[in-house]
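[1] Sequence first, then the predicted structure:
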Amino acid sequence: MASNVNPTVRRRRLGMELRRLRELKGMTAEEVADRLLVSQSKISRLENGRRSISQRDVRDLCNVYDVEDHRVVDSLMQMAKDSRQQGWWHAFGDMPYSVYIGLETDASSLRVYESLIIPGLLQTRDYAEAVIRGALPEVTQPDMEKRVEVRMRRQERIREAENPLRLWVVMDESALRREVGSKAVMREQLDHLVDLSQRPHITIQVIKFSMGAHPGVTGQYAILEFPDAADSSVVYLEGVTSDLYLEKANDVQNYSMMYEHLRAQALSANETRKFIIDTAKSYAS
């Protein structure tokens, strides 16, 4: 989906502009909430792009902020209208990480650290199905199939002929050693990793067990960057019942620095490819 119609990114941009207008007015989110007789959490969610923004919301906020330039108001109203469009993922129903999918769809680059399993963008269909069945033992067959289809659809970003997603993956050796599905599934998955690792826009590195403790022992995370300079980078932390998105410059910088340490401690891309090939042989039987 083109970036100019991505509803998730539109909400983020609109939210940042509304926050800027509030700060120019010198008002706190609590003061704005009191003026509009709404909760402070609603104002925060609107500014963070986590909630759909109606044109009425924009109109009311512009009145509070004394925005008199009709061109500014019309532009914000149009952004609100665009942000209510549905992305391709909405066709699959309510997805627990739809906000992330929207960001990933529009991102220009993605840095991922994974400690336990192969990252979703690199998974084969059989491996993805086995992961979902294992992680969600009570999932129904229709829901499992929907989740797998969404995961496969997300992978179109790394297969695009023009401007594919720049993907850099660092994963712990345990992701390769953990037998998910069966030996045959793992052999196919590792062969798939080798093929993907030879694409110029995909870099895969593995941190071996022998490295011991490293900055990734606290768990997986992803850093998304966008082609438009107005869109700040986002750190994504996946949770069981809710996800966390960090956008403050200091938070992004800390996670980026941690990622540099992970890359430095991991095998090089060429060493990793050889390591994966050797590991795949252990599943040959």
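    Good, I have the coordinates.
[2] Show me the contact partners of stretch 124-131.
    Contacts of stretch 124-131 from elsewhere in the structure, counted by Cβ atoms under 8 Å, 6 or more residues apart in numbering, are 117-118, 120, 123, 144, 147-148, 151-152, 180-182, 185-186, 188-189, 192. Every residue, glycine included, has its C-beta placed from N, CA and C.
[3] Residue 206: how many residues sit nearby?
    Neighbour count for residue 206, taken as other Cβ atoms under 10 Å: 25.
[4] how about low-confidence regions in the stretch 101-250 of the chain?
    For the stretch 101-250 of the chain, no stretch is flagged by pLDDT under 70.
[5] Just the C-alphas of stretch 212-230, formatted as PDB.
    Backbone C-alpha positions of stretch 212-230 (Å, rounded to 0.1, in the frame of the first residue of the first chain) are rendered in PDB as follows:
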ATOM      1  CA  GLY A 212      27.200 -16.100  26.300                       C
ATOM      2  CA  ALA A 213      25.200 -13.200  27.700                       C
ATOM      3  CA  HIS A 214      24.500 -10.400  25.200                       C
ATOM      4  CA  PRO A 215      22.300  -7.300  25.000                       C
ATOM      5  CA  GLY A 216      19.400  -9.400  23.400                       C
ATOM      6  CA  VAL A 217      18.800 -11.600  26.400                       C
ATOM      7  CA  THR A 218      16.000  -9.400  27.600                       C
ATOM      8  CA  GLY A 219      13.900 -10.400  24.500                       C
ATOM      9  CA  GLN A 220      12.900  -9.600  21.000                       C
ATOM     10  CA  TYR A 221      12.300  -6.200  19.500                       C
ATOM     11  CA  ALA A 222      12.100  -4.400  16.200                       C
ATOM     12  CA  ILE A 223      13.100  -0.900  15.000                       C
ATOM     13  CA  LEU A 224      11.100   0.500  12.100                       C
ATOM     14  CA  GLU A 225      12.300   3.500  10.000                       C
ATOM     15  CA  PHE A 226      10.200   5.300   7.400                       C
ATOM     16  CA  PRO A 227      11.000   7.100   4.000                       C
ATOM     17  CA  ASP A 228       9.400  10.300   5.100                       C
ATOM     18  CA  ALA A 229      11.600  12.400   7.400                       C
ATOM     19  CA  ALA A 230       8.500  13.600   9.200                       C
END
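[6] Tell me how far that stretch lies from the chain's centre.
    10 Å (Cα atoms, centre = their mean, to the nearest Å).
[7] repeat for stretch 216-234
    For stretch 216-234, the separation from the chain centroid amounts to 8 Å (computed by Cα atoms, centre = their mean).
[8] now the helices for this protein?
    7-25, 29-36, 40-48, 55-64, 70-83, 98-106, 125-135, 141-154, 174-177, 183-197, 249-265, 269-281 (DSSP state H).
[9] can you redo these as a markdown table with mean neighbour count and distance to residue 204?
    Listed next are the helices of the chain as a markdown table, based on neighbours: other Cβ atoms under 10 Å; distance: least, Cβ to Cβ, whole Å:
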| stretch | mean neighbour count | distance to residue 204 |
| --- | --- | --- |
| helix 7-25 | 20 | 27 |
| helix 29-36 | 16 | 42 |
| helix 40-48 | 18 | 32 |
| helix 55-64 | 17 | 43 |
| helix 70-83 | 16 | 35 |
| helix 98-106 | 21 | 18 |
| helix 125-135 | 19 | 15 |
| helix 141-154 | 16 | 17 |
| helix 174-177 | 18 | 11 |
| helix 183-197 | 18 | 5 |
| helix 249-265 | 14 | 11 |
| helix 269-281 | 15 | 6 |
